[in-house]
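S.K.: below is the sequence, then the predicted model.
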Amino acid sequence: MQIPMATTRSCSNQTVTALDSALAVIELAPDGTILFVNGNFVSLAGYPQNDLVGENHRMLCTGEYILSGEYDEHWGRLRKGAEPPGLHTVLRKDGTARWVECAYHTVMSPSGQAERIICFCMDVTASVEAKKQKEMQLGALDRSSIIAEYSVDGDFLSINENFMITLCCSFNEIAGLDIFSSIFLDYFDLHEFRKSWLDITSGQIFTNLAKWKTADGSPIWLDSVFTAIFSEDGKPARIIQFSTDVTLRVASEEPENIKAQKLSMAAAALGVGLVLLDNSGKAFYINKCFTELFGYQGGDILGKSLTFIFDQSEKNTLCRMRETIKSGLPFKFESMILAKNGQRRWASLAYNPVARQNGGLEYTACAVSDITDIKLQGILQHRALEGLARNVPAEEILNVICREVERIITVQYVAVVGLDQQSRTYNFSSPKLPCRALELDGTKIGPNSTPAGRAIYHENLLIEDDIASGPSDQKIKDVFAAIGVQAFLARPIKSSSGKITGAVTFNYSMPCASYEYHAHIADIVAKICSFSFEREESKTAMQKLTFFDQTTGLPNHAFLLAEAEHRLNSATVDIGEKGLAVLYVNLGRFGRVNQSCGFKAGNELLRSVAKRLSQLKRQDDLLGRVAADEFVFILPNCRAGKAKKYADRVREALSKPFTVDSRQVTIGVTIGISLYPQHGKKLEKLVNHAHLTCARARKDAKNRVMVFSADMDEDASNDLFLESCLHKAISVGSLELYYQPQIYLKSGRLHGVEALCRWRDDELGCVPPSRFIPMAEETGLIEPLSHWVLQEACRQLKDWRKRHVPVPAVAVNYSSPSFRDPQLPSTIMRCLQEHGLKPSDLIIELTESVLLDEDPLALETVNKIHTLGFVLSLDDFGTGYSSLSYLHRLPISEIKLDQIFVKDIQKNGVSRRISQAVARIAESLDLRVLAEGIETEEQCRLLQKQRYDVVQGHLVSKPVRANDLETWMAARN
Ligand code: C2E
Ligand code: MG
Ligand code: MG
């Protein structure tokens, strides 16, 4: 504020009057006594004039100010006439303070002493408060938003702390960069964003919700506002960005149609057709892939049931499908379906019901893949093999195949044409071709030959829409016209040595719309023909296709068994005398090599493994590849001791690193052994038992060799039975939750209750969690089980809240594999919200083993859950991962000492010291520490001494049903 500093004496009277009416004026003696106040000052201070005049100026200041020393300095300057204008407060009579802008004039005596001090004040409280308010708002904005300041060209000028934390970078790392070249905009359409930037600099406010990338590469969703700040000359000076991190919201609020879109994208990426069906089974969505595969457009399918694409004979299957879907379970089957162009295609169909959040069917997603090729190849190969096995002549085999093709595709005649030594063609197999066609036998191949003769001559696929207008000799054209064949497809048959030995021919009465597809089928047939032709000379080549694994060249499962049976039966080996062993070899970590280095590298690894294994083989031993990463040795003349030694040699041979894709890779090996005759008299059984043993060895400890024992067989079938019962129990909701109270040692108050799952089965009786939880973890049933537990615990807590039963929180156990699901945080959050609960109502119990999870996602998920505000409790502490340093890696709020330490805390000094150490660790990390399994007063006393916060155990209460817990609580009050 500019206040005229001239003395009143040199002003005109009007000026004085004007000042007097505009400003509050106070006149003071040098000792602070108030000599005069004008009317404005009276209203400013809220005192009557008489209460002011004669009093000391101190009454208008806060005690704090007077005592601060600043007050005396202020007066020192006033007396010298040297106090510049400034902002001060005036303490009013009612105790409130007003902000005033003051200007002073000190009247000096001729001797240079201060006589009077006149102070002109203006009440600026409103603007100071407004400024403070603005500052507070800016502070709040700074604390809650991600803020960045850019030059007009987009160079980073500054970023706030939230920006650094959220986008994982310091300002130094981005100084000198501009937003367009920074890594953060990874997911932006940069071109669009640059255009928007121009709009921002011209004064438009730009908002967007977009995916960014943090400096360490994680995707993040920001809801942002960009706005320009203009300098006084009206030019844009800076651009400010305010953003909020909405990653979690975006993840949890993802609308259904986006989900469907994603589903569709995923399906498209896999080349799978997708049809979504409403509750009445009518299609309401089909993806592009479905149209591409089967030719149907939206108009052909939408609003209709899919029944019309199936054959009548599938009626029963479709009924079963509908029933299964209705009960909420998926249904998979293979069927021939009718494509739009009338062709029949083999399809694999997977109907998956999608449930509403509150139960009931929302819609059904039907994934349809075209498996015609695989199926056709399978059928044709099967037919060929069948023929070969029965030693049927090649001609007959090919007749069967021609008929099979005619059954599957729309073609008039399928025929196989052979080629003799003189380059003349003849009909080798042509089951339906009219006799008249045989007139063409003996035609020489050449540019004017039959279509087949020309295809062979040019060594190329030949497709002719109209034979009559093609280059064939007239005689040939006449024959085709006579048998009603207008169009033709011919695929030369090439032998394994590259020699052309004939052609597969498709004869059409009119041009066909699917030559490409038919050419593909002709390819398959041509391959079979090639083998059939060469059967006599190249029997082995045929076997390679059928009986040998294509990657490693080793016998496949079927051939390995057949060959072994054959040898045993032909008595070349006497197993009765000398025994026989089966070694089932499983490669650990093979899946990971496949995933991280690709299938090619995976195949390379398999070939190297097969090579090393083959080198171990003795003359009579058999080795085969029976599954992706599983090999089997059948070892005649081999008893237990020798078999184990053999297994050790196998492990040793595979223990040295492999070079794959120029990287060094090591693999783990597990081997199961079964022996003849004690573990089975039939080879198939022996292989099964060795397989089972191998699976068991993998479970117990990796990289082990194990010999079959009879109880494994029993265990395996028990496990299967148990699994199917648990599956049922989860789906019909026959599990139950018991609750065990956790109480504060000091106050006896309830800390929370732990939800523990109980399963009582009609047939199996009570199955303890120690039996069914590990099994659920292994079989993947843990996911639906945990979901049920969460739903039920939330439902119960909601009910308690409604009835004012004071349960502070429910602790729910989560197994480590559950954290691999990145959706877990949003699933938990959604469930809470559905029940009107908050994150602080739930305690998530997890165990140390989550740290051992190879999947880095697991820890990320744990962190996300923490970020959402859930209490994470580390269960069974002390039994798992033995390093304490990891505690920093988990965002936990409490530790639960495992009950084994509590059990013998009285007798065992080690346990006591451990429990003591755990309490101290918890204390130093500021974590709550709980002890579980407290059964005696003595244990409780010791834990109290060790300063445990909370206890849980039978001494307080066993886990009980919800209503019994209420009774327990009521009895305590
Ligand atoms: P936990 O989470 O450590 O649960 C504590 C276990 O100690 C419970 O066994 C409880 O009944 C038992 N317990 C409590 N107080 C005492 C006591 O004073 N003395 C003795 N001897 N035992 C006591 P429970 O119910 O058999 O559960 C065993 C484990 O199964 C649990 O250990 C937990 O890891 C798992 N589990 C139980 N329910 C679920 C569930 O819903 N989901 C998952 N993922 N795991 C669960
Ligand atoms: Mg627990
Ligand atoms: Mg525990």
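M.R.: Looks like it came in fine. Numbers count the residues shown, from 1 in each chain. Ligands and ions are numbered 1, 2, ... in the order given.
S.K.: residues of the chain that sit close to ligand 2?
M.R.: 813, 845, 875 (CB under 5 Å from the ion). C-betas here are computed from N, CA, C, even on glycine.
S.K.: so the second one lies in a strand, does it not?
M.R.: Yes. With the criterion set as DSSP: H, G, I helix; E, B strand; the rest coil, the secondary structure at E845 is a strand.
S.K.: how far away is the closest residue to ligand 3 within the stretch 401-550 of the chain from L35?
M.R.: Among all residues of the stretch 401-550 of the chain, D549 sits closest to ligand 3, at 47.0 Å; criterion: CB to the ion. Remark: distance between D549 and L35 (CB to CB, to the nearest Å) = 112 Å.
S.K.: distance check, the one residue in the stretch 201-350 of the chain that gets nearest to ligand 3 against ligand 2.
M.R.: Nearest residue of the stretch 201-350 of the chain to ligand 3, counting by CB to the ion: L248, 29.2 Å away. As judged by CB to the ion, to the nearest Å, L248 and ligand 2 stand 26 Å apart.
S.K.: dump the residue contacts of that residue.
M.R.: 825-826, 829, 864, 867-868 (CB atoms under 8 Å, 6 or more residues apart in numbering).
S.K.: where does it land in three-state SS?
M.R.: Going by three-state DSSP: L248 is helix.
S.K.: returning to that earlier point: neighbour count for D549 and L35, which is higher?
M.R.: Shown here are D549 and L35; by other CB atoms under 10 Å, D549 has more neighbours (20 against 14).
S.K.: just to check, that one is in contact with A558?
M.R.: No. D549 lies out of contact with A558 (CB atoms under 8 Å); the separation is 10.8 Å.
S.K.: enumerate every residue touching R491.
M.R.: 455, 461, 503-505, 519, 522-523, 525-526.
S.K.: most widely separated two among the contacts of L248?
M.R.: Distance extremes for those: the farthest pair is S826 and T867 at 12.0 Å, using CB to CB.
S.K.: those two - which one has more neighbours?
M.R.: S826 (19 against 13).
S.K.: for my notes, confirm the more buried one occurs in a helix.
M.R.: Yes. Counting by three-state DSSP, S826 is located in a helix.
S.K.: any figure for the gap between it and L248?
M.R.: 7 Å.
S.K.: one more: K802?
M.R.: 28 Å.
S.K.: can you give me the pLDDT of the most centrally placed residue in the chain?
M.R.: Residue closest to the mean C-alpha point of the chain, counted by CA atoms, centre = their mean, is P822 at 4.6 Å. pLDDT for P822: 88.
S.K.: and it, what is it in contact with?
M.R.: Neighbours of P822 in contact, by CB under 8 Å, 6+ apart: 857, 860-861.
S.K.: mind doing that once more with 7 Å?
M.R.: 857, 861 (CB atoms under 7 Å, 6 or more residues apart in numbering).
S.K.: how about the helices in the stretch 251-400 of the chain?
M.R.: 256-269, 288-294, 298-301, 315-326, 372-389, 394-408 (DSSP state H, counting those that start in this stretch).
S.K.: make a markdown table from those and add mean pLDDT and mean neighbour count to it.
M.R.: Formatted as a markdown table, those follow (pLDDT from 0 to 100; neighbours: other CB atoms under 10 Å):
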| stretch | mean pLDDT | mean neighbour count |
| --- | --- | --- |
| helix 256-269 | 58 | 14 |
| helix 288-294 | 85 | 19 |
| helix 298-301 | 82 | 14 |
| helix 315-326 | 89 | 14 |
| helix 372-389 | 74 | 17 |
| helix 394-408 | 83 | 19 |
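S.K.: ok, residues contacting stretch 637-651?
M.R.: 573, 578-581, 583, 585, 613, 616, 620, 635, 669, 671, 673, 675, 705, 707.
S.K.: measure the residue of the stretch 201-350 of the chain closest to ligand 3 to G553 for me?
M.R.: Using CB to CB, L248 is found at 52 Å from G553.
S.K.: repeat that for V25.
M.R.: 109 Å.
S.K.: D876 is in contact with D898, isn't it?
M.R.: Yes. The pair D876 / D898 is scored as a contact, 4.4 Å apart, by CB atoms under 7 Å.
S.K.: now the helices: where do they sit in the stretch 551-700 of the chain?
M.R.: Counting by DSSP H, counting those that start in this stretch, the helices of the stretch 551-700 of the chain are 557-569, 575-578, 590-597, 599-616, 640-655, 683-700.
S.K.: L361 is nearest to which of those helices?
M.R.: helix 590-597 (34.4 Å).
S.K.: list the buried residues for that closest one?
M.R.: 590, 593-594, 597 (16 or more other CB atoms under 10 Å).
S.K.: nearest residue to the residue of the stretch 601-750 of the chain found nearest ligand 1 other than its sequence neighbours?
M.R.: Going by CB to the nearest ligand atom, ligand 1 is nearest to Q740 of the stretch 601-750 of the chain, at 5.7 Å. Once flanking residues are discounted, Q740 sits nearest to P959: 4.0 Å by CB to CB, 6 or more residues apart in numbering.
S.K.: what does that neighbour show for phi and psi?
M.R.: In terms of degrees, to the nearest 10, the main-chain angles of P959 are phi -60, psi 130.
S.K.: 851 is where my numbering starts, stick with that
M.R.: Fine by me, first position is 851 from now on; the one you just mentioned is P1809.
S.K.: worst-scoring helix or strand of this protein, pLDDT-wise?
M.R.: Confidence across the helices and strands of the chain bottoms out at helix 1389-1397, with a mean of 50, counting by mean pLDDT, DSSP states H and E.
S.K.: circling back: residue contacts, the residue of the stretch 1251-1400 of the chain closest to ligand 3?
M.R.: 1406, 1475.
S.K.: thank you, goodbye.
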